[in-house]
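In: structural data only, the sequence is not supplied:
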Ligand code: ADP
Ligand code: MG
């Protein structure tokens with residue numbers, strides 16, 4: 001069955017709470033990182049021994065877990081980081097090209113069939129460049145993670161009276177209705193061990209702030225289409 005949802009969720013206060021917690025955790029985490037690094041340096045200066053190599057291995061475990069924690073707290077703080085935002089008139093096609101530039105290595109490595117179909121009228125909206133990049137990076141990265149080698153990802157931009165719409169379609173694994181009902185919640189992920197579950201909740205928050213909307217269509221085993229609708233830039237400036 002073909003399922004469609006128009007997303008009108010509460011981007012929960014959970015997101016804001018999470019950012020607060022991340023902020024508090026960041027300092028002790030930095031201290032653990034520094035101390036474990038110092039321990040490793042000290043050990044490196046000891047003569048070679050069984051205990052030295054065993055301790056080194058354990059400390060490396062600590063360092064790598066700390067570094068994973070720091071990735072998570074940095075992403076969480078993306079929610080809270082509102083200060084360095086600068087709004088400008090942006091051509092969405094250009095932002096999509098920026099993002100595809102970041103992902104270029106992936107495309108080559110994965111032999112993905114990438115189909116682009118950009119609006120001819122420049123789809124200009126008012127936003128912060130970094131945030132808009134983040135929106136598309138999250139959606140496109142998910143598409144890459146959903147497909148097999150040789151899969152197809154189609155990206156299109158369109159303009160209308162209301163504004164700009166951007167569609168990202170993949171023929172990957174698709175989603176169950178259970179997954180679709182939690183999609184935009186912070187920390188919801190089906191990628192055990194590799195996902196943070198933060199991409200779409202951040203994306204959702206940014207789109208809402210821009211006065212836009214995000215729709216999802218998905219069919220398990222068939223693929224997924226995300227459509228982002230954003231209001232025209234000029235109108236937003238008033
Ligand atoms: P993450 O990618 O870290 O898991 P996201 O917030 O980006 O977190 O996505 C949440 C979940 O939504 C994913 O774990 C996945 O189950 C589902 N999802 C998102 N995009 C797609 C897609 N294009 N195809 C299939 N599932 C998707
Ligand atoms: Mg993701």
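Out: Received, thanks. Here the structure is a predicted model, which is why all the values come from computation and not from measurement. Ligands and ions are numbered 1, 2, ... in the order given.
In: low-confidence bits of the protein, can you list those?
Out: The model of the chain has pLDDT under 70 over residues 1-19, 78-85, 108, 234-238.
In: which residue ranges of it form helices?
Out: Taking DSSP state H, the helices of the chain run over residues 13-45, 50-80, 92-102, 104-110, 129-146, 177-182, 199-209, 233-237.
In: now for the ones you listed, which one comes closest to residue 163?
Out: helix 233-237 (7.8 Å; C-beta to C-beta). Heads up, the C-betas are built off the backbone N, CA and C, glycines and all.
In: how about the residues of the chain near ligand 2?
Out: Contact residues, the chain versus ligand 2 (C-beta under 5 Å from the ion): 142, 199.
In: make it 8 Å
Out: Counting by C-beta under 8 Å from the ion, the chain comes close to ligand 2 at 138, 141, 142, 145, 189, 191, 195, 196, 197, 198, 199, 200.
In: check the residues you listed one by one and keep those near ligand 1.
Out: 138, 142, 189, 191, 195, 196, 197, 198, 199, 200 (C-beta under 6 Å from any ligand atom).
In: show me the contacts for the closest residue to the fifth one other than its chain neighbours.
Out: By the measure of C-beta to C-beta, 6 or more residues apart in numbering, the closest residue to residue 195 outside its immediate chain neighbours is residue 189, 3.4 Å from it. The neighbours of residue 189, taking C-beta atoms under 8 Å, 6 or more residues apart in numbering as the test, are 195, 196, 197.
In: am I right that the second one is in contact with residue 73?
Out: No - counting by C-beta atoms under 8 Å, no contact exists between residue 196 and residue 73, whose distance comes to 10.5 Å.
In: buried subset of the residues of the chain next to ligand 2?
Out: 138, 142, 189, 196, 197, 198, 199, 200 (16 or more other C-beta atoms under 10 Å).
In: and the fourth one, how far from residue 74?
Out: If I follow you right, that is residue 196. Using C-beta to C-beta, to the nearest Å, residue 196 is found at 10 Å from residue 74.
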